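1. Predicted model and sequence follow; I will ask about them next.
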Number of protein chains: 2
Amino acid sequence: MRVGSDSREVKSALEIFGGIEAGGTKFVCVVGSGVTDLRAEASFLTTTPDETIARSIDFFKSQGAHGELRAVGIGSFGPVDLNPRSETFGYITTTPKPHWAHTDFSGRIERALGVPVVIDTDVNAAALGETTWGAGRGLDTIVYLTIGTGIGGGCIMDGRLLHGLSHPEMGHLRIPHSLEQDPYAGGCPFHGDCLEGLAAGPALKARWGQPAENLPANHPAWTLEAHYLALGLVNVICTLSPQRIILGGGVMKRTVLFTLIRREVQKLLNGYLLVPAITERIDEYIVPPALGDRAGVLGAIALAKKTVEQEPQESGLRTV
Amino acid sequence: MRVGSDSREVKSALEIFGGIEAGGTKFVCVVGSGVTDLRAEASFLTTTPDETIARSIDFFKSQGAHGELRAVGIGSFGPVDLNPRSETFGYITTTPKPHWAHTDFSGRIERALGVPVVIDTDVNAAALGETTWGAGRGLDTIVYLTIGTGIGGGCIMDGRLLHGLSHPEMGHLRIPHSLEQDPYAGGCPFHGDCLEGLAAGPALKARWGQPAENLPANHPAWTLEAHYLALGLVNVICTLSPQRIILGGGVMKRTVLFTLIRREVQKLLNGYLLVPAITERIDEYIVPPALGDRAGVLGAIALAKKTVEQEPQESGLRTV
């Protein structure tokens, strides 16, 4: 019956996509087809893989009333094995999070639901969400950075998710750090004073003796924080050359940071890159996510849709 | 007459491509079709734009005996305006090199020769050359860095040249620098102690009081140099996630650097990225260019060929 353009439209109306934003603290699962069409949502704490993955599967299995589930996208905490030729493709690999190291994640969901499941990093998913429906619309090369409990970055390069060897690890950029001006040694267990070690939420707390959200707006913490983040952004600009940088995550709720970071990026570049996007329109160059906290989960939906679109033949076979 | 498969082969045999490696010191022009087929070459000093561009044009005009020139690729010193929507597309823009700032480069060659001319940075061209015929063959995401008078980096990402907002400027990465251990303040006129300011050839000379090539193999200069370059590479890995990094340029002629850099990259990553390419096979991960000093000019030929292949219709029209 499913032939011709009419039946195709009917099919589309009944198609839904699943999205999982898999965070270290909680999971958010949704079904829908985009920013204006989210039909159901559930969120629950990240406990053991068995329990948390089973809850996700149960959620999707119970959404039949909303349409035919075509594919599921996952934006996950990491590191995630994204190499399709690897035996542990779709696994969470060396995470220090208890129980989760070396966990088959996307494979389990795929076998349980019988639909294509695509996994990427949480920040790559957020970058895709913002490119599809948010602050990256119309651009083909953007970076999404989250600054919260940790720091991570995702990138859409020429319209495609950046993977390369594995996936970016922008939190672990090395930046200048003067121990004279800032005696805090940095909190990264691997690198000490890398970007994440100096500028993630826990570093702010350790350096100033109180959680970032308690520090007043005029506290010197914010100038120093902007300095470190700007150093990170300069390195992102010098390598990825993005058309826009989107900064999300808990620390960036302190919106004064945007002004401080923009000014500091210009100061650090010191007129070297004479691109109007940076010299004249930096307010539009370094921006908050337009989707707010929904960037990740919407990105997961976008991942799922992209998979189906990219495999027209295979998907066709699956739905016949 | 040019129809059918036979005539197509004949046409290919008569087709040649032009390549220009436009350096700040000298220009190299070639015609041919690839690494095993370079039919003519000329090199001359980079003087004024009028003189140097005219010599390039004359060279290509006099190569008729070798076949029909289909396109010219340029790998150029920069910065170069690579934005096709810009009024100064194909110009060399803010270079401090006398006479060359704001010079229409690719446009002049294109008008004089009447064939498509494509321009990119010297390092993007070299990255393309290495991906097409050299150390990047079979990979889709590689970085090419040159460490010489300056430091620059090019990137092939998912098989495509990385441009984004403009083009990468990897020489200007910010890295940790301890003035206690290395009192040299850095030589970059824009940023002082960025990667180029600390690790390009002139920085070695300024720090140690003699040209890099005079420093003996056991001089502490090389350990420090490897440390800075490794910090730069770690930042490249954390952002671009390349499948291989190719290091060329005059400073890298000191081959002991490869061993020192590989060890230092592993030390700095400190087990964070558990990818076998880095943990087990780093000798194949950080490598010299397989094309040696020909990476740039061969990359320019590859650029020219790519342009013609990417525009089959337009090119078809041009040859009818």
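-> Nice, I can see it. Numbering: from 1, shown residues only, chains lettered A, B, ... in the order given.

2. quick one: the helices in the stretch 201-320 of chain A?
-> A:201-208, A:220-240, A:256-269, A:276-279, A:282-285, A:295-310, A:312-319 (DSSP state H, counting those that start in this stretch).

3. who wins for proximity to A:C188 among those helices?
-> Proximity to A:C188, assessed across those by Cβ to Cβ, is greatest for helix A:201-208 (8.5 Å). Just so you know, the C-beta spots here come from the backbone N, C-alpha and C atoms, and that holds for glycine as well.

4. Can you check what angle separates that closest one from helix A:220-240?
-> Put simply, helix A:201-208 runs at 140 degrees to helix A:220-240, going by axes from the mean of the first three to the mean of the last three Cα atoms, to 10 degrees.

5. Against which helices or strands is helix A:201-208 packed?
-> Other elements packing on helix A:201-208 under the criterion 3 or more Cβ pairs under 8 Å, 6 or more residues apart in numbering or on different chains; DSSP states H and E are helix A:220-240.

6. Is there any residue in the helix it packs on that contacts chain B?
-> Yes: figure legend: helix A:220-240 in contact with chain B (Cβ under 8 Å from any Cβ of the partner chain); contacting residues A:231, A:234-240.

7. Which pLDDT does the model give the most centrally placed residue in chain A?
-> Closest to where the C-alpha atoms of chain A average out (Cα atoms, centre = their mean) is A:V123, at 1.6 Å. pLDDT for A:V123: 97.

8. Check the gap between it and A:G138 for me.
-> Counting by Cβ to Cβ, to the nearest Å, the gap from A:V123 to A:G138 is 20 Å.

9. how about the strands of chain A, start to end?
-> Applying DSSP state E to chain A gives strands spanning A:15-22, A:26-34, A:37-45, A:68-76, A:91-92, A:103-104, A:117-121, A:142-147, A:151-157, A:160-161, A:244-248, A:286-287.

10. Same list (those) but as CSV, adding distance to chain B and mean neighbour count.
-> Formatted as CSV, the strands of chain A follow (distance: least, Cβ to the nearest Cβ, whole Å; neighbours: other Cβ atoms under 10 Å in any protein chain shown):
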stretch, distance to chain B, mean neighbour count
strand A:15-22, 20, 26
strand A:26-34, 25, 21
strand A:37-45, 27, 14
strand A:68-76, 17, 25
strand A:91-92, 12, 22
strand A:103-104, 15, 20
strand A:117-121, 11, 26
strand A:142-147, 9, 29
strand A:151-157, 5, 29
strand A:160-161, 6, 18
strand A:244-248, 8, 25
strand A:286-287, 12, 22
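
11. So which of those is nearest A:H167?
-> Here strand A:117-121 is closest among these (Cβ to Cβ), at 5.2 Å.

12. Tell me the residue of the stretch 201-320 of chain A that sits nearest chain B?
-> A:S241 (3.3 Å; Cβ to the nearest Cβ).

13. Pull the contacting residues for that residue.
-> A:141, B:162-169 (Cβ atoms under 8 Å, 6 or more residues apart in numbering or on different chains).

14. Looking at the residues you listed, state which has the most neighbours.
-> Within those, B:P168 tops the neighbour count with 29 neighbours, counted by other Cβ atoms under 10 Å in any protein chain shown.

15. my read: it touches B:M157, true?
-> No: using Cβ atoms under 8 Å, B:P168 is not in contact with B:M157, being 10.0 Å away.

16. so what sits against both of these two?
-> Common neighbours of B:P168 and B:M157 (Cβ under 8 Å, 6+ apart) do not exist.

17. for chain B, what are the nearby residues on the stretch 51-200 of chain A?
-> So the stretch 51-200 of chain A meets chain B at A:79, A:93-94, A:141, A:153, A:155, A:157-158, A:160, A:162-177, A:190-191, A:193 (Cβ under 8 Å from any Cβ).

18. let's see it at 6 Å
-> Within the stretch 51-200 of chain A, the positions lying close to chain B (Cβ under 6 Å from any Cβ of the partner chain) are A:94, A:141, A:157-158, A:160, A:164-170, A:172-176, A:190.

19. for A:G75, what are its contacts?
-> A:G75 is in contact with A:21, A:122, A:125, A:296, A:299-300, counting by Cβ atoms under 6 Å, 6 or more residues apart in numbering or on different chains.

20. picking that back up, any chance of TSV for the contacts of A:S241, columns distance to A:P211?
-> TSV is the format used below for the contacts of A:S241 (distance: Cβ to Cβ, whole Å):
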residue	distance to A:P211
A:T141	35
B:L162	39
B:H163	41
B:G164	36
B:L165	35
B:S166	39
B:H167	41
B:P168	37
B:E169	37
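
21. Nearest to A:R281, out of those: which one, please.
-> If you rank the contacts of A:S241 by distance to A:R281 using Cβ to Cβ, B:L165 comes first, at 11.4 Å.

22. these two touch, right, the closest one and A:Q243?
-> Yes: counting by Cβ atoms under 6 Å, B:L165 touches A:Q243, with 5.0 Å between them.

23. Spatially, which residue comes closest to the residue of the stretch 201-320 of chain A closest to chain B, not counting chain neighbours?
-> Leaving aside its chain neighbours, A:S241 sits nearest to B:G164 (3.3 Å; criterion: Cβ to Cβ, 6 or more residues apart in numbering or on different chains).

24. What residues does the one you found make contact with?
-> A:141, A:241-243.

25. Spatially, which residue comes closest to the residue in the stretch 1-150 of chain A positioned nearest to chain B, not counting chain neighbours?
-> Of all residues in the stretch 1-150 of chain A, A:T141 sits closest to chain B, at 4.0 Å by Cβ to the nearest Cβ. Ranked by Cβ to Cβ, 6+ apart and with sequence neighbours excluded, the top spatial neighbour of A:T141 is B:G164, at 4.0 Å.

26. ok, now A:D283?
-> Nearest residue to A:D283, sequence neighbours excluded (Cβ to Cβ, 6+ apart): A:R262, at 6.6 Å.

27. rewinding a little: next, the contact list for the nearest residue to the residue nearest to the centre of chain A once chain neighbours are set aside, please.
-> With sequence-adjacent residues excluded and distances taken as Cβ to Cβ, 6+ apart, A:V123 is closest to A:G154, at 3.4 Å. Shown in contact with A:G154 (Cβ under 6 Å, 6+ apart): A:121, A:123-124, A:126-127, A:144.

28. Reformat those residues as CSV; add distance to A:E280.
-> Conversion of the contacts of A:G154 to CSV gives the following (distance: Cβ to Cβ, whole Å):
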residue, distance to A:E280
A:T121, 32
A:V123, 28
A:N124, 30
A:A126, 27
A:A127, 25
A:Y144, 23
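
29. Any idea how many residues pack against A:A65?
-> 7.

30. Can you give me the distance of it to A:S43?
-> 20 Å.

31. which one among the contacts of B:G164 gets closest to B:T223?
-> Using Cβ to Cβ, A:S241 is the member of the contacts of B:G164 that lies nearest B:T223, at 31.3 Å.

32. Quick check: the closest one vs A:T132, distance?
-> 21 Å.

33. How about A:P211?
-> Counting by Cβ to Cβ, the separation of A:P211 from A:T132 is 33 Å.

34. Neighbour count: these two, which is higher?
-> More neighbours surround A:T132 than the other of A:P211 and A:T132, with 21 against 12 (other Cβ under 10 Å).

35. So for the residue nearest to the more buried one when sequence neighbours are not counted, what's the pLDDT?
-> Closest residue in space to A:T132, ignoring its immediate chain neighbours: A:A302 at 4.4 Å, by Cβ to Cβ, 6+ apart. For A:A302, the pLDDT comes out at 98.

36. cool, A:R85 as well?
-> 87.

37. and it, how many neighbours?
-> Neighbour count for A:R85, taken as other Cβ under 10 Å: 5.

38. What distance do you get for it to B:Q243?
-> For A:R85, the distance to B:Q243 equals 12 Å [Cβ to Cβ].

39. Please apply the same query to A:G90.
-> As for A:G90, its distance to B:Q243 is 20 Å (criterion: Cβ to Cβ).
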